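Peer 1: Sequence and computational prediction follow.
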Amino acid sequence: MCKKAYSQRVLAGIAVFCALAFQVHGEPDRLFEPAPRSDDGRFSNWASDLSHGSATVRSKFFLGRVGATFRAPTGIPERIVNDGAYLRENARHSEPTVTWIGHATMLVQMEHLTFLTDPIWSDRASPVPIAGPKRQIEPGVAMADLPPIDFVLISHNHYDHLDLPTLRALAKRNAETVFFVPLGNGQLLRDQGIKQVEELDWGDTARFENATIHCLPVQHWSKRSLTDTRKSLWSSWAVTGEQRRFYFAGDTGYFRGFKEIGDKLGPFDLAAIPIGAYEPRAMMEASHMNPEEAIQAALDVQAKTTVAMHFGTFNLADEPMSEPPLRFKKAAAKANISAENSWVLRIGETRRF
């Protein structure tokens, strides 16, 4: 064999070896397809467009919400004093912990990182400061007492989940904080001077130090004005590392995607699952789970422990504010999930997981 032919065979062999090595050790195939879109380019759900009830149902609901602003709410969760000292001390030699700030805002410490989900410290979940759902209980930890925040996860653009005053304040506290948002939400933050923004589609992943961040499907919708319905994406999130695996369901109706998420990324050490804002069902069922559905979702994603959220902070729907956690605990017991693995935290409470 001539020298040139031998060299070509050696090079070909190296190329084959590299190709095989990449198949084994390279980036894995994406676990989920990108979010579907309708013909006009707006984002959609796996179940296509969602029903929000008849005009009669919606009108009655909104009239009821107006009336609720004049009534003193009952059933507000207990709040405990949390000065953030333990959280600040724990920030780098972190025990895996979760702290309920209120609503869907969880402060999580794992993999030597500290992050927030859907942070809202504002008094109202509204585009204007004098109207809209009013906060019924103070945040569990004052913003000034927080440890340094490495990153923030945003599930979608509704005002009780994407609160621009809070996001601006977090960015001002630490210019290095990264804000992970579903597609189409980045410019909203950049317009506020927030520069560290990463937009992800369903199935996309990002690496942050010792953790992998997964943008995952969910069944919901988006809207902040009269003309932007479904122009930006909504998502759930997972944060996985060598020590722990955490799932944040965001805001969602029950859907088959929970089972797929569990099969592909579970089990999770902790899953934060929404349990409130579910009545009237004709209006809410497609986009908000009731407590029984929340327990089924926790089983689907293979959560070792589930922490309830999205209740008790803003009076958003027709069910009594005291009802969601009671039904959640009852549904957990019926599903043979122990109290040690189905948490209803007090506002401000920190637990290890």
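Peer 2: Ah, there it is.
Peer 1: Which secondary structure element is home to Lys264?
Peer 2: Under the criterion of DSSP states H and E, Lys264 resides in helix 257-265.
Peer 1: just checking, what packs against the helix or strand following that helix?
Peer 2: Going down the chain from helix 257-265, the next helix or strand is strand 268-274, by DSSP H and E. With contacts taken as 3 or more Cβ pairs under 8 Å, 6 or more residues apart in numbering; DSSP states H and E, strand 268-274 sits against strand 245-248, helix 291-300, strand 303-309. In short, each C-beta sits where N, CA and C put it, glycine included.
Peer 1: that older thread, can you pull the buried residues of the helix holding Lys264?
Peer 2: Buried positions in helix 257-265, judged by neighbour count with 16 or more other Cβ atoms under 10 Å: 257-262, 265.
Peer 1: Looking at those residues, spot the one nearest Arg244.
Peer 2: Among those, Leu265 lies closest to Arg244 (Cβ to Cβ), at 12.8 Å.
Peer 1: Enumerate every residue touching the nearest residue in space to that closest one that is not next to it in sequence.
Peer 2: Nearest in space to Leu265, with sequence neighbours left out and distances taken as Cβ to Cβ, 6 or more residues apart in numbering, is Ala238 at 5.4 Å. Residues near Ala238 by Cβ atoms under 8 Å, 6 or more residues apart in numbering: 213-214, 216, 245-248, 261, 265, 268.
Peer 1: Those residues, buried ones only, as a ChimeraX selection?
Peer 2: Only the buried entries of those go into this ChimeraX selection, using 16+ other Cβ under 10 Å:
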select :213,214,216,245,246,247,248,261,265,268
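Peer 1: circling back: quick check: bridge partners of the residue nearest to Leu265?
Peer 2: Per DSSP bridges, the residues bridged to Ala238 are His214, Tyr247.
Peer 1: any idea how far it is from Pro34?
Peer 2: From Ala238 across to Pro34, the span is 17 Å (Cβ to Cβ, to the nearest Å).
Peer 1: now swap in Trp221 and tell me
Peer 2: Taking Cβ to Cβ as the measure, Trp221 falls 17 Å from Pro34.
Peer 1: Over to Glu260?
Peer 2: From Glu260 over to Pro34 the distance is 15 Å, taken as Cβ to Cβ.
Peer 1: same check, this time on Asn315
Peer 2: 36 Å.
Peer 1: between these two, which one's more packed in?
Peer 2: Higher neighbour count among Asn315 and Pro34: Asn315, with 22 against 15, using other Cβ atoms under 10 Å.
Peer 1: residue contacts, that one?
Peer 2: Residues in contact with Asn315 (Cβ under 8 Å, 6+ apart) are 68, 73, 133-134, 136, 321.
Peer 1: on that earlier part again, pick the most deeply packed of the helices and strands packed on strand 268-274.
Peer 2: Compared across the helices and strands packed on strand 268-274, strand 245-248 shows the largest average neighbour count, a mean of 27 (mean count of other Cβ atoms under 10 Å).
Peer 1: which helices and strands does that strand pack with?
Peer 2: Contact here means 3+ Cβ pairs under 8 Å, 6+ apart; on that basis strand 245-248 packs against strand 105-110, strand 236-240, helix 257-265, strand 268-274.
Peer 1: quick one: terminal-to-terminal distance for stretch 274-292?
Peer 2: The first and final residues of stretch 274-292 sit 11 Å from each other (Cα to Cα, to the nearest Å).
Peer 1: Could you list the residues in contact with it?
Peer 2: 47, 50-54, 57-58, 60-61, 104, 219-221, 249-254, 273, 294, 297, 308-312, 316-319, 321, 324-325, 327-328, 330-331.
Peer 1: Looking at the residues you listed, which are in helices?
Peer 2: When DSSP state H defines the helices, the subset of the contacts of stretch 274-292 inside them is 57-58, 60-61, 294, 297, 324-325, 327-328, 330-331.
Peer 1: Distance to Val344 added to the helices and strands packed on strand 245-248, as JSON lines?
Peer 2: Shown next, in JSON lines, are these (distance: least, Cβ to Cβ, whole Å):
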{"stretch": "strand 105-110", "distance to Val344": "13"}
{"stretch": "strand 236-240", "distance to Val344": "20"}
{"stretch": "helix 257-265", "distance to Val344": "20"}
{"stretch": "strand 268-274", "distance to Val344": "11"}
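Peer 1: export those to TSV and tack on mean pLDDT?
Peer 2: Converted to TSV, those look like this (pLDDT from 0 to 100):
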stretch	mean pLDDT
strand 105-110	98
strand 236-240	98
helix 257-265	98
strand 268-274	99
